[in-house]
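>>> attaching a predicted model along with its sequence, questions to come.
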Amino acid sequence: MLMKTDDLGVPRFSNHDLIDMIYSGHIDKCHIVLCDPSDDIDQFNKVAEEHGISPLTKYIPLDVDRTEFDNAL
């Protein structure tokens, strides 16, 4: 799995990364990662809502630069 990160080092997972997680036995971790927005994620979240399952969280870029981010830590 090749995880992508943004300029601040925040990890982002694609729908293919999530499928790899499921098949490698880490389905319980899928709901604690940030996913790249896609139609697949939207469809999953719709079905999850219908069945009372936790939805996947979409990645939303932060509106800060590296300096601001580092100073906040």
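Received, thanks. Quick caveat, the model's predicted, so the values are computed rather than measured.
>>> strands along the chain, start to end?
Counting by DSSP state E, the chain has strands at residues 4-5, 11-12, 34-35, 57-58.
>>> average model confidence for the first one?
Model confidence over strand 4-5, given as mean pLDDT, is 88.
>>> what number of residues lie near Asn45?
Counted with other CB atoms under 10 Å, the neighbours of Asn45 add up to 17. All C-beta spots, glycine's among them, are computed from the backbone N, C-alpha and C.
>>> distance of the closest residue in space to it that isn't next to it in sequence from Leu73?
Nearest non-adjacent residue to Asn45, counting by CB to CB, 6 or more residues apart in numbering: Pro55, 4.1 Å away. Computed as CB to CB, to the nearest Å, the Pro55 to Leu73 distance reads 28 Å.
>>> same deal with His26?
Using CB to CB, His26 is found at 28 Å from Leu73.
>>> in terms of neighbours, single out the busier of the two.
Shown here are His26 and Leu73; by other CB under 10 Å, His26 has more neighbours (12 against 4).
>>> what sits against the residue nearest the centre of the chain?
Centroid check for the chain by CA atoms, centre = their mean gives Leu34 as the closest residue, at 1.8 Å. For Leu34, the contact set (CB atoms under 8 Å, 6 or more residues apart in numbering) comprises 10-13, 57-59.
>>> what residue ranges in the protein score low on pLDDT?
1-2 (pLDDT under 70).
>>> the helices in it, which residues?
Secondary structure of the chain (DSSP state H): helices located at 15-23, 39-51, 66-72.
>>> would you turn those helices into TSV with distance to Thr5?
Converted to TSV, the helices of the chain look like this (distance: least, CB to CB, whole Å):
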stretch	distance to Thr5
helix 15-23	12
helix 39-51	18
helix 66-72	12
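>>> highest average neighbour count across the ones you listed?
helix 15-23 (a mean of 15; mean count of other CB atoms under 10 Å).
>>> any idea of the angle it forms with helix 39-51?
Note on geometry: by axes from the mean of the first three to the mean of the last three CA atoms, to 10 degrees, helix 15-23 and helix 39-51 are set 50 degrees apart in direction.
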